[in-house]
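> Build me a structure from this.
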Amino acid sequence: MCGVAVASLSYNDTVKYYMASVLNFESSSADSAAFSADSTSNAETVANSTGIINFVIDNNPTEAFSQPGAKSVPIMHFKMRTFDESVTVKSLKLKLSGVENKFVEKVFLTKGREIIAIGKQKGDYFDFKNIDFHLAKNSSGLINVIVDVSSELTTGNRFRLDIEKPEDIVILAGTEIYSVTGSYPLRGKYLSIAKSRPWNLKKKK
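Model (predicted):
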């Protein structure tokens with residue numbers, strides 16, 4: 001019988017992150033995953049034994065700002081944890097929201113400092129094919145989303161990159177292909193533009 005992918009999803013307005021667990025089940029039954037989150041601590045995900053992968057869309061609040069024209073700016077990252085199977089993230093598509101697409105010059109994914117994929121832009125979408133980000137079973141990993149922004153952006157502009165629909169992220173576990181399903185879009189983290197304020201020195205009389 002064909003395997004089907006489903007996900008339990010929760011969203012916390014205070015901490016502003018998403019969590020999802022991909023589950024594989026036969027059409028006659030389905031298991032669920034339980035989630036808990038605390039606004040004063042790191043996200044904690046509790047899943048049953050059928051969980052394939054858990055992931056959180058997160059960022060470093062101290063890096064949520066950029067100057068116009070900046071290069072290699074971290075906008076968010078995907079935290080992932082596997083269970084009883086190894087997993088490969090095969091492809092990803094992100095949709096730009098908040099500014100015109102001409103203002104985001106490049107989007108790429110990194111593992112540490114290594115670039116693992118560069119998004120092919122088509123309108124408001126950045127498409128990443130053949131990512132091949134591999135995680136062994138019972139392990140965790142991080143995919144960083146990095147952007148180059150236009151010098152034409154101004155203070156007050158902000159934007160994010162969303163996973164708009166289930167087929168926009170494809171995960172391979174064993175020989176099965178999974179898509180995360182839930183409440184879409186899965187909204188990314190905002191990057192805000194803030195230009196440095198010039199200060200003039202005046203000689204004291």
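
> now what about stretch 92-105, what contacts it?
107, 109, 117, 119, 121, 123-128, 131, 145, 147-150, 152-153, 157-164, 168-170, 185, 187-188, 190 (CB atoms under 8 Å, 6 or more residues apart in numbering). C-beta: built from backbone N, CA, C; applies to glycine.

> buried ones in stretch 119-131?
When neighbours are counted by 16 or more other CB atoms under 10 Å, the buried residues of stretch 119-131 are found to be 119, 121, 124-126, 128, 131.

> What of stretch 108-117?
Residues of stretch 108-117 classed as buried: 108-110, 116-117 (neighbour count, 16+ other CB under 10 Å).

> again, but for stretch 59-74
Taking 16+ other CB under 10 Å as the basis for neighbour counts, the residues of stretch 59-74 that come out buried are 59, 64, 66, 68, 70, 73-74.

> As TSV, those with distance to residue 101 and secondary structure would be great.
Converted to TSV, these look like this (distance: CB to CB, whole Å; DSSP: H, G, I helix; E, B strand; the rest coil):
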residue	distance to residue 101	secondary structure
59	21	coil
64	21	coil
66	17	strand
68	16	coil
70	17	coil
73	16	strand
74	20	strand
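
> Can you say which two of those residues are spatially most distant?
Put simply, by CB to CB the two of these set farthest apart are 59 and 68, 19.6 Å from each other.

> Just the helices from this protein, written as ranges.
Taking DSSP state H as the criterion, the chain contains no helices.

> Just checking, which helix or strand of it averages the lowest pLDDT?
Between all helices and strands in the chain, the lowest mean by mean pLDDT, DSSP states H and E belongs to strand 34-36, at a mean of 26.

> Would you mind measuring from the residue nearest to residue 187 when sequence neighbours are not counted to residue 118?
Spatial nearest neighbour of residue 187, chain neighbours left out: residue 162 (5.2 Å); criterion: CB to CB, 6 or more residues apart in numbering. Residue 162 is 19 Å from residue 118, where distance means CB to CB, to the nearest Å.

> Then residue 168?
Summarising the geometry, the distance separating residue 168 from residue 118, computed by CB to CB, is 17 Å.

> which one of those two has more residues nearby?
residue 168 (21 against 13; other CB atoms under 10 Å).
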